[in-house]
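1. Give me coordinates for this.
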Amino acid sequence: MLKHTVGDSVTLQTDVPELRNDGRILWKFSDKDILIAELNRANNQTLFYEGPDGRFRDRLQLNQQTGDLTIRNISRVHSDVYTLQITSGKKSTCKRFMVIVHEKTVSGVEGDSVTLNTDIEIQEDDLVLWMFGPEDCPIAKGETKEKISTYDYADGRFRGKLNLNYESGSLTITNTRTEHTFINYYCTKKKLD
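-> Residues are numbered from 1 along each chain as shown. From the prediction side, this is the model:
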């Protein structure tokens, strides 16, 4: 089991010093065996697949010598089982990895301000969305520097306490209270249509 923090890069190692010339490697994601990367030494071809929801877009890298898979800037959606299949000649081997991605921990003193940083690069046409709680309720949204919305949450615990910096994606909670404590703050971004 591999445990990593959101934003890390994780490398899944094949433990093969060097792939043979007729070797082929397939990397699959989840128990549904979704193909995400393929290395075929016989025809010198490397292919990456972003997954049905695009979660691997621009995040994957394959070591051409060993077939090790690196996933850059991981997030919670990358937590799952990964399967490695190596075929060389008539021999085929499989190896499974369990990757668990957890959020970064931020602590503070009650009454102080706490800033949650994203460590993601925000582009001009990105939608920045901060979520809270087990229901993943939106608490802050930024569409542009001028179009930022904050939400009080159902019980009003965030009323007047949130400041979203659209350029960095960071969210500041002012005058924190114990009611703001929860493991599930997270930020996501996507392109605006």
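2. contacts and neighbour counts: CA atoms only from here.
-> OK.
3. Write down the beta-bridge partners of residue 101, one by one.
-> residue 4 (DSSP bridges).
4. And for it, the neighbour number?
-> 20 (other CA atoms under 10 Å).
5. Quick check, it in contact with residue 6.
-> Yes. Counting by CA atoms under 8 Å, residue 101 sits close enough to residue 6 to count as a contact (6.0 Å).
6. what is in contact with these two at once?
-> 74-76 (CA atoms under 8 Å, 6 or more residues apart in numbering).
7. Check pLDDT for those residues and point me to the minimum.
-> Least confident entry in the shared contacts of residue 101 and residue 6, by pLDDT: residue 76, with 78.
8. Now do that one against residue 11, distance only.
-> Distance, residue 76 to residue 11, by CA to CA, to the nearest Å: 16 Å.
9. Now do residue 84 against residue 76, distance only.
-> From residue 84 to residue 76 the distance is 21 Å (CA to CA).
10. Would you mind listing the buried residues in stretch 4-22?
-> 4-7, 10-12, 14, 19 (16 or more other CA atoms under 10 Å).
11. Equivalent analysis for stretch 161-178, please.
-> So, applying 16+ other CA under 10 Å, buried residues of stretch 161-178: 162-164, 166, 169-177.
12. average pLDDT for that stretch?
-> Mean predicted confidence for stretch 161-178 is 87.
13. Would you work out how far apart the start and end of that stretch are?
-> Note: stretch 161-178 ends 13 Å apart using CA to CA.
14. got the contact list for residue 153?
-> Per CA under 8 Å, 6+ apart, neighbours of residue 153: 137-139, 159.
15. would you list those residues in a markdown table and tack on secondary structure, neighbour count and distance to residue 39?
-> Shown next, in a markdown table, are the contacts of residue 153 (DSSP: H, G, I helix; E, B strand; the rest coil; neighbours: other CA atoms under 10 Å; distance: CA to CA, whole Å):
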| residue | secondary structure | neighbour count | distance to residue 39 |
| --- | --- | --- | --- |
| 137 | strand | 15 | 40 |
| 138 | strand | 19 | 40 |
| 139 | strand | 22 | 42 |
| 159 | coil | 12 | 52 |
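16. Give me the lowest-pLDDT entry from those.
-> Where pLDDT dips furthest among those: residue 137, at 80.
17. hang on, it packs against residue 150?
-> No. With contact defined as CA under 8 Å, residue 137 does not reach residue 150; the gap is 11.5 Å.
18. Check the secondary structure at the residue lying closest to residue 48 once chain neighbours are set aside for me.
-> Spatial nearest neighbour of residue 48, excluding adjacent residues (CA to CA, 6 or more residues apart in numbering): residue 37 at 4.5 Å. Of the three states, residue 37 takes strand according to DSSP: H, G, I helix; E, B strand; the rest coil.
19. what pairs with residue 37 across the strands?
-> Beta-bridge partners of residue 37, as defined by DSSP bridges: residue 27, residue 48.
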